[in-house]
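Chemist: Sequence first, predicted model second:
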Amino acid sequence: MGNEKQFVQEITPKSEDFSQWYVDVVRKADLADYTTIKGCMVIKPYGYALWENIRDALDRRIKATGHQNAYFPLFVPESLLKKEAAHVEGFAPEVAWVTHGGNEPLEERLAIRPTSEAIICSIYAKWIQSYRDLPILINQWANVVRWEKVTRLFLRTTEFLWQEGHTCHRTMEEAQEETIKMLRVYQEFAETELAMPVVAGQKTENEKFPGALYTYTIEAMMGDGKALQAGTSHNLGQHFSKMFEIMFEDEDQVRKYVWQTSWGVSTRLVGGVIMTHGDEHGLILPPRIAPTQVIVIPIFQAATKESVVSKAVQVQERLTKVCRSQLDARDQYTPGWKFNEYELKGVPLRLELGPKDLAKEQCVLVRRDTREKIFCPLSELESRVLTLLDQIQKDLLERARRFRDENTRTVANYDEFQEVMENKRGFIYAPWCGGDECELKIKEDTKATIRCLPLDEENRVIEAREGSCVRCGEPAKYYVYFARAY
RNA sequence: CGGGGCGUAGCGCAGCCUGGUUAGCGUGCCUGCCUUGGGAGCAGGAGGUCGGCGGUUCAAAUCCGCCCGCCCCGACCA
């Protein structure tokens, strides 16, 4: 136990300094490292394997809903970026510019995409003539660059990886349906794959995407009670199609502007997973996205090494057929060292196999989330492992949901609102008059923003029937979620 | 970008205030022996332009200036 204490000191306690805990976990678990370029990180193999699993799980859903992947250029000519006024105004402060090709100054500066609406819209304009060309349902996996003032590993880096869907539709209704469909895809994906419960809702005018008509979001609660915007889906209306002249001739022979959507999630999700599930011992990965689901650790002495290791190889080979497993038979590390190492890396299930187990034809399974030890007859290996992985996945979601619900509060008045935001954090579900002024004042007073206006089962913003605005006391228009956010 | 902190071996740090042998310690790494059910032990060894540039000085990790990077708190954002 003394040794364990010493080990855990390598990670700043979560309760003491959440930010430092986060950085320690990212680095000790070997997910990412800093580089010589400001704000840019290298995603190390373990972190990238995690991202690949997240990416693939989402990619399947994007394709299952009828979208195709494509790839558009990294560069956006300045003239294109400037076409949509709100859009350029929103992104201008954080755009990186290419001004030279070799030694020659460029005639027109090229923005490195902060997002691809402009470049994609300019191309869609060429592709679309008829209503028969619609809908366009395209997604791209790409890197984008935003010159942020302050960066944080995974949560906000200068360059990051993401997916951005860009669709065109014949009618407003169809675009709205697509916007909500993808929002719900994100929600289901976050909860099923990442075990990360989210609140789905609409952003306020102040918080919406530059150039969008409506922005929808999924908001997750991190271990320190702060909100993380985990994905967004925008109904772009006709703002871009009018500026980029994306038109089609409809069945009634009238030329019309298309209705568009865009939606995205990024490597930020990796940060979300860490801050949703991690504990004092390090990372806890949901089995469905964990690069290694089961780590097999043989325990042996010189005399038993051969028999134990050969059995461990057999066990791992059996597991390989049903899940992602690895064997760590290195003899320069003690079993205890390995236990700590794989807990730090968040491997959901550990399988211990020693001489005592061999004698009984069993192994020891240890859950990362609860650290519970389970003796398992080798004859039941596959089924027990699969059941446990499934259980861990469910329990992580349940635990995160309980944490979120326990930290979602209602308040009696504005004093209590301020007190809760200052001391307890979490979400506050409160009535709001719908006014700009109250939204901004609350932000100024408490650093809390309106994370979203939640949606009902019909995907409509829930309007308040009663109650009065938590700040001004005027009749409430909506019940909304407030929180401090990343 | 404003306020604060930090930068010395892969990682974590001491040394700096008060300039002066060959820049230390822990851990990790390499070799050997030994060990292995919660980060074992012993012995030997390798590893440093002290973040960068400039200045002061006979002499700079140490003093001064500028720059870069990281962390925290604000403002801005996925």
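Modeler: Perfect, thanks for sending it.
Chemist: Next, the closest residue to residue A:452 other than its chain neighbours: secondary structure please.
Modeler: Nearest residue to residue A:452 in three dimensions, chain neighbours excluded: residue A:201, at 2.9 Å (CB to CB, 6 or more residues apart in numbering). To be clear about C-beta, it is placed using only N, CA and C from the backbone, and glycine gets the same treatment. On the three-state scheme (DSSP: H, G, I helix; E, B strand; the rest coil), residue A:201 is labelled strand.
Chemist: just for the stretch 1-150 of chain A, where's the confidence low?
Modeler: Scanning the stretch 1-150 of chain A for pLDDT under 70 picks out A:1-10.
Chemist: Quickly list the domain ranges of chain A.
Modeler: For chain A, automatic domain parsing gives the domain ranges A:2-277, A:294-392, A:408-483.
Chemist: contacting residues around residue A:221?
Modeler: Each residue near residue A:221 by CB atoms under 8 Å, 6 or more residues apart in numbering is listed here: A:197, A:227-228, A:276, A:400, A:403-404, A:407-408, A:426-427, A:483.
Chemist: Mind checking which of those residues land in strands?
Modeler: Among the contacts of residue A:221, the subset assigned to strands under DSSP state E consists of A:227-228, A:408, A:427, A:483.
Chemist: Can you add distance to residue A:173 and give the residues you listed back as a markdown table?
Modeler: Converted to a markdown table, the ones in strands among the contacts of residue A:221 look like this (distance: CB to CB, whole Å):
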| residue | distance to residue A:173 |
| --- | --- |
| A:227 | 30 |
| A:228 | 31 |
| A:408 | 32 |
| A:427 | 31 |
| A:483 | 32 |
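Chemist: re earlier: can you add distance to RNA strand B and give the domains of chain A back as TSV?
Modeler: Converted to TSV, the domains of chain A look like this (distance: least, CB to the nearest atom of the strand, whole Å):
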stretch	distance to RNA strand B
domain A:2-277	2
domain A:294-392	2
domain A:408-483	5
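Chemist: Let me know the secondary structure of the closest residue to residue A:352 other than its chain neighbours.
Modeler: Counting by CB to CB, 6+ apart, residue A:352 lies nearest to residue A:364, which is 4.1 Å off, once chain neighbours are set aside. Per three-state DSSP, the secondary structure class of residue A:364 is strand.
Chemist: Which strand residues bridge residue A:364?
Modeler: residue A:352, residue A:375 (DSSP bridges).
Chemist: Would you mind measuring from it to residue A:357?
Modeler: 6 Å (CB to CB, to the nearest Å).
Chemist: Can you show me the CA trace of stretch A:157-175 as PDB?
Modeler: Provided in PDB are the C-alpha atoms of stretch A:157-175 (Å, rounded to 0.1, in the frame of the first residue of the first chain):
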ATOM      1  CA  THR A 157      -5.300  22.800 -29.700                       C
ATOM      2  CA  THR A 158      -4.200  25.000 -32.500                       C
ATOM      3  CA  GLU A 159      -4.600  22.200 -35.000                       C
ATOM      4  CA  PHE A 160      -7.100  19.500 -34.300                       C
ATOM      5  CA  LEU A 161      -8.800  16.600 -36.000                       C
ATOM      6  CA  TRP A 162     -12.500  16.400 -36.600                       C
ATOM      7  CA  GLN A 163     -15.300  15.400 -38.800                       C
ATOM      8  CA  GLU A 164     -17.500  17.900 -40.500                       C
ATOM      9  CA  GLY A 165     -20.700  17.100 -42.300                       C
ATOM     10  CA  HIS A 166     -22.000  19.500 -45.000                       C
ATOM     11  CA  THR A 167     -25.300  18.900 -46.500                       C
ATOM     12  CA  CYS A 168     -27.700  20.600 -49.000                       C
ATOM     13  CA  HIS A 169     -31.400  20.200 -49.100                       C
ATOM     14  CA  ARG A 170     -34.400  21.200 -51.100                       C
ATOM     15  CA  THR A 171     -36.500  22.600 -48.200                       C
ATOM     16  CA  MET A 172     -36.100  24.200 -44.800                       C
ATOM     17  CA  GLU A 173     -38.000  21.300 -43.300                       C
ATOM     18  CA  GLU A 174     -35.600  18.800 -44.700                       C
ATOM     19  CA  ALA A 175     -32.500  20.700 -43.500                       C
END
